[in-house]
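Engineer: Generate a structure from the sequence data that follows.
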Amino acid sequence: MTNEFSSQTHSGKQVATDLCEIEKKHHEIMGMIDHLIIALRNDKLERAMDKHIRELGGKVIDCFDKEEKCMITSEYSGYDSHKGEHMKFLKNFAILKRLFEGEGSLDQLSVAIKNQVVEWLTNHITHVDNDMLKYLKSR
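Structural biologist: Prediction:
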């Protein structure tokens, strides 16, 4: 009986730690999005891609990985659709990076960054991730 309680307590502490880490990553991603928007407004697209997009991509991948592990551990029923959204984003993000590396037009890149990165991530974090976090907090 004690081992079962101890295991549940450890599991609960781990979930709380994971939630804090995910929420921290979300705040960092939103801050990175703010920096990217400022860079885009100042017509510093090349610098924005080199610095902000690459850093943002790494942070997003780390966050997606952590979220997916938590969803699996907690047996989150929305895991498949949530992971599917992550996969779509990563596919579009890879296309965006190839477009930049292939010297796409600056206007085209700017629109793609706003639509596929800024708006998608903001919507995903504020809606889809928020629903997942509410579920995880209730566990």
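Engineer: pLDDT score assigned to residue 46?
Structural biologist: On the pLDDT scale, residue 46 is placed at 65.
Engineer: Apologies, that question was intended for residue 103.
Structural biologist: Per-residue pLDDT puts residue 103 at 65.
Engineer: now swap in residue 25 and tell me
Structural biologist: So, for residue 25, pLDDT stands at 90.
Engineer: ok, now which ones touch it?
Structural biologist: Counting by Cβ atoms under 8 Å, 6 or more residues apart in numbering, residue 25 makes contact with 59, 62-63, 66. Glycine gets a C-beta too; all of them are placed from N, C-alpha and C.
Engineer: Let's verify residue 77: helix, strand, or coil?
Structural biologist: Secondary structure, DSSP: H, G, I helix; E, B strand; the rest coil: residue 77 is coil.
Engineer: Lowest-scoring secondary structure element of the chain by mean pLDDT?
Structural biologist: helix 45-47 (a mean of 63; mean pLDDT, DSSP states H and E).
Engineer: Following the chain onward from that one, which element is next?
Structural biologist: The helix or strand immediately downstream of helix 45-47 is helix 54-73, counting by DSSP states H and E.
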